[in-house]
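J.: Sequence first, predicted coordinates after that:
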Amino acid sequence: MGKAIVVTSGKGGVGKTTTTAALGAALAQGDQKVVVVDFDVGLRNLDLVMGAERRVVYDLINVIQGEAKLAQALIRDKRLENLYLLPASQTRDKDKLTPEGVEKVMTALKKTFDWVICDSPAGIERGATLAMRHADAAIVVTNPEVSSVRDSDRIIGLLDAKTAIAERGERMEKHLLVTRYDPTRAETGDMLKVDDVLEILSIPLLGVIPESTDVLRASNLGTPVTLADARSETAQSYFAAARRLMGEAVPITIPSEKRSFFGMFFGRKAA
Amino acid sequence: MNILNFFRKPASAPKARERLQILLAHERASRGEQDLVARLRDEILAVLAKHVPIDGKRVRVQMDRGAQVSTLAVDIEIPFDTGVRAA
């Protein structure tokens, strides 16, 4: 039986889709069988970030409505044979996403895959609550910025109250992933530090992803960042997070400021 | 630290942190009681786990709100072989 993980945040634009694709590809490179599922009905984007936008035939809603079999809707990645995508519908009404339908699909996916990674839509409406509903664990993606931290706190509240696990009186496993972290600005006191975010949200830290041009580059190419340039700092941070997710005790490294020789005198970040 | 720090605007992150702490304390307090129960469970578990090995799944926390009095029921199963005797 596989493990279902929801990647959630409340706020939009913090890196949920990037994270879903990057962790999915990282786990698949570690010989795990992985499916990434897009829950953003009407505004799907995981297909684009995964580079599979032209291969979508059937989607999650088709499967829920019984118009297609699950196997017909799954798209196998061209680069990693262990990695699959279940796209969201771009045209259908999101009310077609029913709790029973989602549960059925999730149960079926968990039988076939080691990891079912669900990319939640932003907000706290139906799509977001259904994406987290049947998850076994959650990754809360947070930027070191006030509105993102506030929304994450709200999402943590929902994870502890509105999920199947919480309703059974059990505890939802939660992980914090700090993304778009800029060590230079944190150092000069103009960005919340990782410790500040951790102290405020008080859930265990899964990793810290630095702000980087690698992410835009990877999405331009339609390649998860852990496949586009596996040696980049961003990819390495995601690989480490994936290993922690698998239960390995990998020490957390917080990206540090890189200073040039002149930077030591003038406090500028090295190019 | 360098000489240019002298001309810099004061750091804004401490202000962000302080504002968030005040705001979230308020927002958490006004959330539903299910939320409160979940948080209580997490914190009670964290304290207990320091002393006895416990299984997160064998814990029930329930709150009943009455007009005069509210009760909080905490039911925790402690495995037999922990070497800690139930009092």
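T.: Received the coordinates, thanks. Remember, it's a predicted structure, so these values are computed and weren't measured experimentally.

J.: For B:P53, give its distance to chain A.
T.: 15 Å (Cβ to the nearest Cβ, to the nearest Å). C-beta coordinates here come from the backbone N, C-alpha and C atoms, glycine included.

J.: And for that residue, the neighbour number?
T.: Using other Cβ atoms under 10 Å in any protein chain shown, B:P53 is surrounded by 12 other residues.

J.: For it, report the pLDDT, please.
T.: On pLDDT, B:P53 comes in at 81.

J.: a helix runs through it, doesn't it?
T.: No. Read with DSSP: H, G, I helix; E, B strand; the rest coil, B:P53 is coil and lies in no helix.

J.: My read is that it contacts B:P79, right?
T.: Yes. B:P53 lies in contact with B:P79 (Cβ atoms under 8 Å); the separation is 6.8 Å.

J.: which stretch of helix or strand covers B:R41?
T.: Assigned by DSSP states H and E, B:R41 belongs to helix B:33-49.

J.: other SSEs contacting that helix?
T.: strand B:59-64, strand B:71-76 (3 or more Cβ pairs under 8 Å, 6 or more residues apart in numbering or on different chains; DSSP states H and E).

J.: Get me the contact residues on chain B for chain A.
T.: B:2, B:4-5, B:8, B:10-14, B:16-17, B:19-21, B:23-24, B:27-28, B:31-32, B:34-35, B:38-39, B:41-42, B:45, B:56-57, B:59-62 (Cβ under 8 Å from any Cβ of the partner chain).

J.: what's the most buried one of the helices and strands packed on helix B:33-49?
T.: strand B:59-64 (a mean of 15; mean count of other Cβ atoms under 10 Å in any protein chain shown).

J.: tell me how far it is from the chain's mean position?
T.: Taking Cα atoms, centre = their mean, to the nearest Å, the mean C-alpha location of strand B:59-64 is offset from the chain mean by 15 Å.

J.: then that strand to PDB, C-alphas only?
T.: This file holds the C-alpha atoms of strand B:59-64, laid out as PDB (Å, rounded to 0.1, in the frame of the first residue of the first chain):
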ATOM      1  CA  VAL B  59      -4.800   8.500  21.600                       C
ATOM      2  CA  ARG B  60      -8.300  10.000  21.800                       C
ATOM      3  CA  VAL B  61      -9.000  13.500  22.900                       C
ATOM      4  CA  GLN B  62     -12.500  14.700  23.200                       C
ATOM      5  CA  MET B  63     -14.100  17.900  24.300                       C
ATOM      6  CA  ASP B  64     -17.700  18.400  25.500                       C
END
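
J.: pLDDT of that strand, averaged?
T.: Strand B:59-64 comes out at a mean pLDDT of 78.

J.: show me where pLDDT drops low in chain A?
T.: A:257-271 (pLDDT under 70).

J.: if you set the cut-off to 80 instead, what comes out?
T.: Residues of chain A that meet the criterion pLDDT under 80 lie in A:94, A:257-271.

J.: Repeat that for chain B.
T.: Ranges of chain B meeting pLDDT under 80: B:1-8, B:29-40, B:42, B:54-59, B:61-67, B:78-87.

J.: Of all residues in it, which one is closest to chain A?
T.: B:A11 (2.5 Å; Cβ to the nearest Cβ).

J.: who touches the residue in the stretch 151-271 of chain A positioned nearest to chain B in this structure?
T.: Distances between the stretch 151-271 of chain A and chain B by Cβ to the nearest Cβ are smallest at A:G189, namely 2.5 Å. When contacts are counted by Cβ atoms under 8 Å, 6 or more residues apart in numbering or on different chains, A:G189 touches B:P10, B:A11, B:S12, B:A13, B:P14.

J.: Also B:A38?
T.: A:G157, A:D160, A:A161, A:A166, A:R171.

J.: who wins for neighbours among these?
T.: That'd be A:D160 among the contacts of B:A38, by other Cβ under 10 Å, with 23 neighbours.

J.: Would you confirm that that residue contacts B:L40?
T.: No. Taking Cβ under 8 Å as the definition, A:D160 is not a contact partner of B:L40, at 10.4 Å.

J.: Show me which strand runs longest in chain A.
T.: What stands out as the longest strand in chain A, according to DSSP state E, is strand A:173-181.

J.: Compute the inter-axis angle for that one and helix B:33-49.
T.: 100 degrees (axes from the mean of the first three to the mean of the last three Cα atoms, to 10 degrees).

J.: ok, strand A:173-181: who's next to it in the sheet?
T.: strand A:137-142 (parallel), strand A:205-210 (parallel) (DSSP bridges).
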